[in-house]
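>>> Just the structure for this:
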Amino acid sequence: MRTATAVISPRADAVLSRKRQSYGRKEGQKPLTGAEGILVIQYNCARGGQTVEVALETAVRMGADMVLLQEPRMPKEKDSTTHHDSFRWIRGEEGLPAKCWVAISRTTQCRVMERRDLTRECANYVQTLEVHAPGAPPTVIINVYDQTRISDGVWPVNRANWDVIMAYGRLIIAGDMNAHSRLWNARASNTV
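Now for the predicted structure:
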C-alpha cells in the first residue's frame, strides 16, 4: 500500500493561516471570531471516487473546520473505503444509501453534534449539525442533498423538523438542492 505525505513548512503554514483568516472578509476587517469564524467547505462528490479525497485535502490546506459532502460514494462502495487521518466522520444512518456525509477536522475548536432527531424522516438526504464555536451561541448547519422525492411524492428536505431548526436563529443551509433552471443552465430540462 502506497501513501503520500505532504509536508508544509512553518512559513507555508503561516501563509495558509493568514489566508484562512481572510476568507469572507473585506480588506481592513478584523479576523473572524466565534461562530462567524467557522470555515465550512461544501462539495458534491458525484458519487465518490477521488473527489472525496480532493475535497478533504483542500479542507486541510484551507484550515476548514468541516466539510459537507453530498453523494460521497458509489451505491455499492463500502463506507470504510474513505478515510483521512485529519477528519472524523458523521455518515448518517447505517443501512440507508449515503447521500450526505460530514467530515469534521480533528483540530477544530468547535464542538459538533449531529441532531438526527431533527431529520429522522429524511433518509440520509439531510443532516443537521449543532455547532458550538468557543464563545458563541450555537449555529445549526444543514447539509442537504435534495435529489428525489420519497415514495409519497415529498422532497426529503421537507420532512425535516423545520420548526425546531428555525428556532435556533443562527442557521446555515448548504448542499446540492438540485435546483435546475434554464436561467443558469440552458440545457436544463427540469426546472424548479
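>>> When you work out contacts or count neighbours from here on, use the C-alpha atoms and nothing else.
OK.
>>> List the residues that contact the residue most central in space within the chain.
The residue lying closest to the centre of the chain (Cα atoms, centre = their mean) is L68, at 1.1 Å. Shown in contact with L68 (Cα atoms under 8 Å, 6 or more residues apart in numbering): 40-43, 100-103, 143, 174-175.
>>> And it, how far from V102?
Distance from L68 to V102, counting by Cα to Cα, to the nearest Å: 5 Å.
>>> so what sits against both of those two?
N143.
>>> so is I172 in a helix, a strand, or just coil?
The three-state label given to I172 by DSSP: H, G, I helix; E, B strand; the rest coil is strand.
>>> same check, this time on the one 3 residues further on
Here G175 is strand, with the state taken from three-state DSSP.
>>> That one contacts N143, correct?
Yes: shown here, G175 and N143 form a contact pair, counting by Cα atoms under 8 Å, at 5.5 Å.
>>> More neighbours: the two, which one.
Counted by other Cα atoms under 10 Å, G175 and N143 do not tie: N143 has more neighbours, with 28 against 19.
>>> Look up the residues forming beta bridges with the more buried one.
Residues in a beta bridge with N143, per DSSP bridges, are Q127, A174.
>>> roughly how far apart are it and G135?
Distance from N143 to G135, by Cα to Cα: 24 Å.
>>> Ok, Q42 next?
Counting by Cα to Cα, the gap from Q42 to G135 is 24 Å.
>>> just checking, which of the contacts of L68 belong to strands?
Among the contacts of L68, the residues falling in strands (DSSP state E) are 40-43, 100-103, 143, 174-175.
>>> Could you give the separation of stretch 155-169 from the chain centroid?
From the chain centre to the centre of stretch 155-169 is a distance of 17 Å (Cα atoms, centre = their mean, to the nearest Å).
>>> repeat for stretch 85-93
Using Cα atoms, centre = their mean, the offset of stretch 85-93 from its chain centre is 11 Å.
>>> So, low pLDDT: which residues of this protein?
Residues of the chain meeting the criterion pLDDT under 70: 1-36, 48-49, 74-82, 148-150, 190-192.
>>> need the helices for it, in chain order.
Taking DSSP state H as the test, the helices found in the chain are 10-22, 50-62, 162-167.
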